[in-house]
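Student: my questions concern the predicted model and sequence given below.
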Amino acid sequence: MSDRALRFECVMEPSGRWMVWDTRIDQPAQFSALALIGLCRDEAVSLCNLLNETGSETGLTDSRQSRAS
């Protein structure tokens, strides 16, 4: 990966569960139609790494675009 800032990061929720945060749109990341929230830490880290490695080619949707449709 390059030295630029990563788009996705893992964030602990107040409940102690984890989410994958999309720093570009400042919202929880979505994969297909699923918001990546309420995850165990290992799931969040794996998904975060996958999304940062592959970006939007993996079915990631910008929730602002899907709401406008």
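Tutor: Structure received.

Student: quick one: contacts of the longest helix anywhere in the chain?
Tutor: Using DSSP state H, we find that the single longest helix of the chain is helix 41-54. If you take C-beta atoms under 8 Å, 6 or more residues apart in numbering as the criterion, helix 41-54 is touched by 1, 6-10, 18-20, 29, 31, 36, 39, 58, 60. Bear in mind the C-beta positions are built from the backbone N, C-alpha and C, glycine included.

Student: show me which of these are buried.
Tutor: 7, 8, 9, 10, 18, 19, 20, 29, 36, 39, 60 (16 or more other C-beta atoms under 10 Å).

Student: now the strands for this structure?
Tutor: 8-12, 18-22, 27-28, 30-31, 34-35 (DSSP state E).

Student: least reliable of these going by mean pLDDT?
Tutor: Looking at the strands of the chain, the lowest mean pLDDT belongs to strand 30-31 (a mean of 90).

Student: what is that one packed up against?
Tutor: Contact partners of strand 30-31 among helices and strands, from 3 or more C-beta pairs under 8 Å, 6 or more residues apart in numbering; DSSP states H and E: none.

Student: residue ranges with poor pLDDT in this structure?
Tutor: 1-4, 56-69 (pLDDT under 70).

Student: so how far is residue 53 from the residue most central in space within it?
Tutor: Central residue of the chain (C-alpha atoms, centre = their mean): residue 29, 3.1 Å from the mean position. As for residue 29, its distance to residue 53 is 14 Å (criterion: C-beta to C-beta, to the nearest Å).
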